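Visitor: model this:
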Amino acid sequence: MYDYLLVGAGSAGCVLANRLSADPSVRVLLLEAGPRDWHPFVHMPAGLARIAGMTSINWDYQTEPQTQLGGRRLWCPRGKLLGGSSSINAMCYIRGVPGDYDEWAANGATGWHWDNVLSYFRKSEGNVRGADALHGADGPLSVSDLRHVNPLTHVFVEAGQQAGLPFNDDFNGATQEGVGLYQVTQRNGARCSTAVGYLDPVKSRPNLTVRTGAQVARIVFEKGRAVGVECRIDGRTERLTAAREVILSAGAINSPQLLMLSGIGPAEELRRHAIAVVHDAPQVGANLQDHLDVTTLQHCTRPITYDRISQVKAGFDYFLRGRRGPGTSNVAEGAGFARSALAPDDRPDIQLHFIPAMIDDHGRNRLPGDGYTMHACYVRPHSRGRVWLASGRPEDKARIDPNYLGDPEGFDLKVMVECGKLSLEIFAQKAFDPYRGAPIFPAKIPQTDAEWVQFVKSRAETVYHPIGTCRMGSDEAAVVDPELRVRGVDGLRVVDASVMPNLPGGNTNAPTIMIAERAADLILGH
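Guide: Okay, the predicted model is just below:
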């Protein structure tokens, strides 16, 4: 018997394990389907290029064919190890802007307004630059400046300014708009995942148990209350119980899937898979949102990109010379936030990731020569998708339909075209003149909006920010209430990116950690 049973040791689960087990009288069990974060490339920042395709630590999801993208299935990697996606992501530390969270609160997520969540961002953050009104310096999540920056990334920053964007040295500061370098979730040149920052310091607590290789099959209910889970561990099925709460932190794909497998979801969908209905919740799996981006690639005339970096030398400098050199790079070094002509308010609606290397198909397709890549995405898409069950069997992956570019007004596509145009505008600036080689994607600059539309639909990919499938709100249709309690049952919460009502304007890892920090206080009654 445990007091709290946590499902998923990812960006949120590790935070909860730390905070809930701080009370020695409380017994906490943390379950993770994947292995421990033992692989050295997990901790070496530039190793992300090597670990992305490792299915042993990646759920390796594919979307359903996307109608607006020519029927393509898009790759959707999610972390399957201690630390979850914080152990395989690009480590960019971005929160969004105050208006994102004020919008959450205005739409029914009571208590999640900016003035309230800021204290939890600061609580989690250990920024090497020190503490101020917007930043924390003593939190478990180390936030650092990059130790190594490729010369081309500085060229990008200069070109962005030539294109009219201001220089910005803190995208989590007073303003978000501008170009600069990302701060990263690293500590002393190594990745600082939530497993490193939150779990490692407390894993020896006698009241905290961590079990890896534990695939949860369903939540167990008695008289409308969650009392435990059934899971497969070492080839056998175990039933584990929780005296106080079961908490799902399995992510925007797995949390709604597990709710539906356990009888909480659209009743018709559950019955179709012969699942007994515990609570009819039509919105479970709905409201799926993700950041879609378009990539532009250019050849480089000088041999300075990461395309030609010797992996042996990078590994030697990193592991044997005190974490130095390009091995400490997060690869996506250059940052940019801009307002398109279509932005409805003063919040930037386009995010840029500049990479001093050629990244095609998420880096899985290696191109010859040297080059550089711009990722540009619309950060507040209108399109909404859904996660469905493929079957009633836990071992079958859920069906993921983000419905990219599917908003009826076509607004998302219009902004995505602006994303592509901005990317090429920056590449065309004088700063790139000494480095600019032949274009790769697009091979020929589109001359009309119709050509831009075709380019976007043929090249767009996800930047791995799925959220919203267990939306929180004050309305009865919301899957969880503002305290993240699942409606219709007792003893069950969801704490992860799936509860976000809307995408924040940027990367989703830091907001997910903030959610878990605040959830811990809600659970403990603080």
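
Visitor: Within its sheet, name the partner strands of the helix or strand where V220 lies and how each one runs.
Guide: Using DSSP states H and E, V220 sits in strand 214-222. Note on strand 214-222: by DSSP bridges, its sheet partners are strand 225-233 (antiparallel).

Visitor: Show me which residues of the strand it pairs with are buried.
Guide: Buried residues in strand 225-233, counting neighbours by 16 or more other C-beta atoms under 10 Å, are found at A226, V227, G228, V229, C231, R232, I233. For glycine as for every other residue, the C-beta is placed from the backbone atoms N, C-alpha and C.

Visitor: Could you do stretch 5-25 as well?
Guide: Neighbour counts over stretch 5-25 (16+ other C-beta under 10 Å) mark 5-21 as buried.

Visitor: same thing with stretch 507-521?
Guide: Of all the residues in stretch 507-521, those buried under the rule 16+ other C-beta under 10 Å are 507-520.

Visitor: Tell me which stretches of this protein form helices.
Guide: 13-20, 40-43, 48-51, 98-106, 114-124, 151-162, 194, 251-261, 267-272, 311-320, 411-427, 449-459, 509-524 (DSSP state H).

Visitor: could I get those helices as CSV with distance to H135 and mean pLDDT?
Guide: Putting those into CSV (distance: least, C-beta to C-beta, whole Å; pLDDT from 0 to 100) gives the following:
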stretch, distance to H135, mean pLDDT
helix 13-20, 18, 98
helix 40-43, 24, 96
helix 48-51, 25, 87
helix 98-106, 14, 98
helix 114-124, 6, 98
helix 151-162, 21, 98
helix 194, 18, 98
helix 251-261, 27, 98
helix 267-272, 44, 97
helix 311-320, 27, 85
helix 411-427, 28, 98
helix 449-459, 36, 97
helix 509-524, 12, 98
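
Visitor: Low-confidence regions, the protein specifically.
Guide: Nowhere does the chain drop to pLDDT under 70.

Visitor: strands paired with the longest strand anywhere in it, and their directions?
Guide: Among the elements of the chain assigned as strand by DSSP state E, the one spanning the most residues is strand 236-248. Using DSSP bridges, strand 236-248 pairs in its sheet with strand 2-7 (parallel), strand 225-233 (antiparallel), strand 492-494 (parallel).

Visitor: quick one, it and helix 251-261 angle?
Guide: Angle, strand 236-248 to helix 251-261, by axes from the mean of the first three to the mean of the last three C-alpha atoms, to 10 degrees: 120 degrees.

Visitor: re the thing from before, the helices of the chain: which one's closest to S383?
Guide: With C-beta to C-beta, the closest approach to S383 among those belongs to helix 411-427: 5.3 Å.

Visitor: circling back: among the strands paired with strand 236-248, single out whichever gets nearest to D200.
Guide: strand 2-7 (16.2 Å).

Visitor: tell me the angle of that closest one relative to helix 509-524?
Guide: Angle of strand 2-7 versus helix 509-524, following the same axes, to 10 degrees, is 160 degrees.

Visitor: R271: neighbouring residues, count only.
Guide: Around R271 there are 11 other residues, counting by other C-beta atoms under 10 Å.

Visitor: distance of it from G392?
Guide: Taking C-beta to C-beta, to the nearest Å as the measure, R271 falls 10 Å from G392.

Visitor: quick revisit: same list, the buried residues of stretch 507-521, but as CSV with distance to W388 please.
Guide: Shown next, in CSV, are those (distance: C-beta to C-beta, whole Å):
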residue, distance to W388
N507, 26
T508, 22
N509, 26
A510, 29
P511, 25
T512, 23
I513, 28
M514, 29
I515, 24
A516, 26
E517, 31
R518, 30
A519, 26
A520, 31
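
Visitor: and which of those residues is nearest D138?
Guide: Among the buried residues of stretch 507-521, E517 lies closest to D138 (C-beta to C-beta), at 13.3 Å.

Visitor: ok, how many other residues are close to the nearest residue to the closest one once chain neighbours are set aside?
Guide: In space, and not counting its chain neighbours, E517 is closest to Y120: 4.2 Å by C-beta to C-beta, 6 or more residues apart in numbering. Around Y120 there are 23 other residues, counting by other C-beta under 10 Å.

Visitor: Distance check, Y120 against R384.
Guide: Taken as C-beta to C-beta, the span from Y120 to R384 is 27 Å.

Visitor: hmm, back to that, of all the strands paired with strand 236-248, which one comes closest to L258?
Guide: It's strand 2-7; of the strands paired with strand 236-248, that one is closest to L258 (C-beta to C-beta) at 6.9 Å.

Visitor: who's in contact with the closest one?
Guide: For strand 2-7, contacts defined as C-beta atoms under 8 Å, 6 or more residues apart in numbering pick out 13, 16-17, 20, 26-31, 209, 216, 228-229, 240-250, 258, 523.

Visitor: which residues does the residue nearest to E517 contact?
Guide: M514, E517, R518.

Visitor: let's see 10 Å
Guide: Neighbouring residues of Y120 by C-beta atoms under 10 Å, 6 or more residues apart in numbering: 15, 112, 136, 139, 511, 513-521.

Visitor: buried ones in the longest strand of the chain?
Guide: For strand 236-248, the neighbour count (16+ other C-beta under 10 Å) marks L240, A242, E245, V246, I247, L248 as buried.

Visitor: Which of those sits closest to A343?
Guide: Using C-beta to C-beta, those come closest to A343 at L248, 34.7 Å.

Visitor: that older thread, burial-wise, tell me which of the helices of the chain comes out on top.
Guide: Of those, the one with the most neighbours on average (mean count of other C-beta atoms under 10 Å) is helix 194, at a mean of 32.

Visitor: which other residues reach it?
Guide: Contacts of helix 194 (C-beta under 10 Å, 6+ apart): 9-18, 82-87, 124, 140-141, 185, 200, 509, 512-513, 516.

Visitor: Format the buried residues of strand 236-248 as TSV; extra columns: distance to F411.
Guide: Shown next, in TSV, are the buried residues of strand 236-248 (distance: C-beta to C-beta, whole Å):
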residue	distance to F411
L240	46
A242	44
E245	40
V246	39
I247	36
L248	32
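
Visitor: out of those, who's nearest G70?
Guide: G70 lies nearest to L248 out of the buried residues of strand 236-248, by C-beta to C-beta, at 34.5 Å.

Visitor: pretty sure the closest one contacts G13?
Guide: Yes: L248 is within contact range of G13, at 9.1 Å (criterion: C-beta atoms under 10 Å).

Visitor: Find residues that contact each of those two.
Guide: Common neighbours of L248 and G13, using C-beta under 10 Å, 6+ apart, are L6, V7, V495, D496.

Visitor: quick one: contacts for the last one?
Guide: Counting by C-beta under 10 Å, 6+ apart, D496 makes contact with 7-8, 10-13, 16, 84, 247-252, 254-255, 467, 469-470, 484, 512, 515-516, 519.

Visitor: just how off-centre is stretch 413-431 within its chain?
Guide: Its chain's C-alpha centre lies 24 Å from the corresponding centre of stretch 413-431 when counted by C-alpha atoms, centre = their mean, to the nearest Å.

Visitor: That should have said stretch 372-391, apologies.
Guide: 11 Å.

Visitor: buried set for it?
Guide: For stretch 372-391, using 16+ other C-beta under 10 Å, the buried residues are 372-381, 383, 385-389.

Visitor: Restrict that stretch to CA atoms and write it as CSV.
Guide: Output in CSV follows, covering the C-alpha atoms of stretch 372-391 (Å, rounded to 0.1, in the frame of the first residue of the first chain):
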residue,chain,number,x,y,z
TYR,A,372,22.2,25.3,-41.8
THR,A,373,18.5,24.9,-40.9
MET,A,374,15.8,27.2,-39.7
HIS,A,375,12.7,25.8,-37.9
ALA,A,376,9.8,28.2,-37.8
CYS,A,377,6.5,27.5,-36.2
TYR,A,378,3.2,29.2,-35.4
VAL,A,379,2.9,29.0,-31.7
ARG,A,380,-0.8,29.6,-31.2
PRO,A,381,-2.5,27.3,-33.8
HIS,A,382,-6.3,27.1,-34.1
SER,A,383,-6.4,23.5,-35.3
ARG,A,384,-7.6,20.9,-32.8
GLY,A,385,-7.2,17.1,-33.0
ARG,A,386,-7.8,14.1,-30.9
VAL,A,387,-6.2,10.9,-29.5
TRP,A,388,-8.3,7.8,-30.0
LEU,A,389,-7.8,4.2,-28.9
ALA,A,390,-6.6,1.8,-31.5
SER,A,391,-8.0,-1.1,-29.4
